[in-house]
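*Asks:* Structure for the following, please:
(one chain, ligands or ions: 1)
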Amino acid sequence: MANSRQGAFFTGEYRNVFSEMGYSEEAVGSRLEEIWQELFHGSPDVRLYHPMDGDKGYMVDTGNDDARTEGMSYGMMFAVQLDKKDEFDRLWNFSKTFMQHREGRYKDYFAWHCSLDGTKLSPGPAPDGEEFYAMALFFASARWGDGPEPYDYSVQARQILRACLHQGEEGPGDPMWDPATKLIKFVPESPFSDPSYHLPHFYELFALLADEEDRLFWKEAAAASRAYLHTACHPATGLSAEYANFDGTPAPPQPHGDYRYFYSDAYRVAGNIAVDWEWFRADPWQVEQSNRLQAFFRDKEVSDYRRYHLDGTPFEEPALHPIGLLATNAMASLAADGPDAAAFAELLWNTPLRTGKRRYYDNCLYFFAFLALSGHYRIYLPEGGRL
Ligand SMILES: O[C@@H]1[C@@H](O)[C@H](O[C@@H]2CO[C@@H](O[C@@H]3CO[C@@H](O)[C@H](O)[C@H]3O)[C@H](O)[C@H]2O)OC[C@H]1O
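*Replies:* Numbers count the residues shown, from 1 in each chain. Down below sits the predicted model:
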């Protein structure tokens, strides 16, 4: 039975799109377990997760030979969804020990990437990591209960979210959310956003679980992000830019590159929108948007996926992560109700994990798509917690 919280309706149900298409629950379950085994415990040329001696482990970005808060927090989300506490704790311990700052302008934030021995490669954070850490930690607290530091998961999650909103109020630094617009920034210092960082479905939950005094902010942030995505996604193609201003227009070129186009970061927008729809049914535009995006990719071969202008004009340059893009296009089927929904899910089902050097980002998105489309990407709340 759905219940209502100021416009967001927690569905309490998780569709298994693959079963709806005729695959047995058993086949879907064993496929999911196979993906877990390959990515976490498979051969060295397949796996992403690596346990270290002692009590730590990391996810490697195989394309860049480093560990990123993105992949570390994704790994924690995969682990908590599938009830794998040992892997979760190792990833968290590595993140906490090597990546989190103890002082200064980034206190309680995480260096966005480090080498595989834990040496920070650059101090700045990437806010998509912080929000995934916080959500995964809250889910861990609900599934397994809080333990001694650093496994006091809910305490750790609140500490991260406190920094995200209040950094700079009593010392150096900047918050990760813009206080005026309530939109997440690309990095704490930037006056613009990254559409793929917007996770209103997480903010609805932060509004229940974060520090009491910040709960209203998170509720408003959920609404602000939903509205923002309308402005960031092209009205005809559904494509969004890598980085976008707070009014949704593509952000100007940056010293480290020109990100006004649909490329690797932006794939995730489709998946995020679909999960928000599945969890909260708050914004019917998400259904139209998902149909629109799938219509844009309908006639395109995965092997011919490219970088695109937002109006859909292709670059010569191929997509760096075509399997990742297929995964998020398929994830959109959780929200889409158009003629392409089943076809994209079917195509993903019939596509294997990516192999080779660049497999990390593709296979992370692939894992999310399988979790979501099989009904295994779920909300876990502490006992007595209600939506
Ligand atoms: O300038 C950095 C900025 O690059 C960093 O962004 C993080 C890394 O990139 C994003 O994901 C990548 C997508 O492309 C694939 O090829 C990579 O493997 C992925 O890691 C990720 O979303 C960002 O967190 O953020 C900090 C800035 O200072």
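
*Asks:* Could you count how many residues lie near His198?
*Replies:* 29 (other CB atoms under 10 Å). C-beta here means a position set from N, CA and C on the backbone, and glycine is covered the same way.

*Asks:* So it sits against Leu229, correct?
*Replies:* Yes: using CB atoms under 8 Å, His198 is in contact with Leu229, at 5.9 Å.

*Asks:* so what secondary structure elements neighbour the helix or strand where Ala134 lies?
*Replies:* In this assignment (DSSP states H and E), Ala134 forms part of helix 127-144. With contacts taken as 3 or more CB pairs under 8 Å, 6 or more residues apart in numbering; DSSP states H and E, helix 127-144 sits against helix 69-81, helix 85-94, helix 153-166, helix 200-209.

*Asks:* Give me whichever of these is most buried.
*Replies:* Mean neighbours per residue, mean count of other CB atoms under 10 Å, is largest over these for helix 69-81, with a mean of 25.

*Asks:* ok and the helix holding Ala134 relative to helix 200-209, angle-wise?
*Replies:* In terms of direction (axes from the mean of the first three to the mean of the last three CA atoms, to 10 degrees), helix 127-144 departs from helix 200-209 by 60 degrees.

*Asks:* Mind exporting the C-alpha coordinates of helix 127-144 to PDB?
*Replies:* Taking Å, rounded to 0.1, in the frame of the first residue of the first chain, the C-alpha atoms of helix 127-144 are listed here in PDB:
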ATOM      1  CA  PRO A 127      30.100  14.900  -4.200                       C
ATOM      2  CA  ASP A 128      28.600  11.800  -5.900                       C
ATOM      3  CA  GLY A 129      30.900   9.800  -3.700                       C
ATOM      4  CA  GLU A 130      29.700  11.400  -0.400                       C
ATOM      5  CA  GLU A 131      26.000  10.900  -1.200                       C
ATOM      6  CA  PHE A 132      26.500   7.300  -2.100                       C
ATOM      7  CA  TYR A 133      28.600   6.700   1.000                       C
ATOM      8  CA  ALA A 134      25.900   8.200   3.200                       C
ATOM      9  CA  MET A 135      23.100   6.200   1.600                       C
ATOM     10  CA  ALA A 136      25.000   2.900   1.700                       C
ATOM     11  CA  LEU A 137      25.900   3.500   5.400                       C
ATOM     12  CA  PHE A 138      22.300   4.200   6.400                       C
ATOM     13  CA  PHE A 139      21.200   1.000   4.600                       C
ATOM     14  CA  ALA A 140      24.000  -0.900   6.400                       C
ATOM     15  CA  SER A 141      22.900   0.500   9.700                       C
ATOM     16  CA  ALA A 142      19.300  -0.700   9.000                       C
ATOM     17  CA  ARG A 143      20.400  -4.200   7.800                       C
ATOM     18  CA  TRP A 144      23.200  -5.000  10.300                       C
END
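
*Asks:* Tell me what angle it forms with helix 69-81.
*Replies:* 20 degrees.

*Asks:* Let me know the pLDDT of the closest residue to the ligand within the stretch 1-150 of the chain.
*Replies:* Residue nearest to the ligand within the stretch 1-150 of the chain (CB to the nearest ligand atom): Ala126, separated by 3.1 Å. Ala126 carries a pLDDT value of 98.

*Asks:* Now do the contacts for it.
*Replies:* Contacts for Ala126 (CB atoms under 8 Å, 6 or more residues apart in numbering) come out as 68-70, 112, 187.

*Asks:* Out of the residues you listed, the closest to Ala266 would be?
*Replies:* Among the contacts of Ala126, Glu70 lies closest to Ala266 (CB to CB), at 14.1 Å.

*Asks:* Return the residues of the stretch 201-350 of the chain in contact with the ligand.
*Replies:* 256, 264-265, 320 (CB under 6 Å from any ligand atom).

*Asks:* now these: which count as buried?
*Replies:* Among those, those scoring as buried are 264-265, 320 (criterion: 16 or more other CB atoms under 10 Å).

*Asks:* Check what contacts stretch 252-272 and list those residues.
*Replies:* 194-196, 198-199, 201, 229, 232-233, 238-243, 250-251, 290, 293, 307-310, 315, 319-321, 324-325, 327-329, 331-332, 361, 365, 368-369, 372.

*Asks:* Just the ones of those in strands?
*Replies:* Within those, residues falling in strands by DSSP state E are 307-308, 315.
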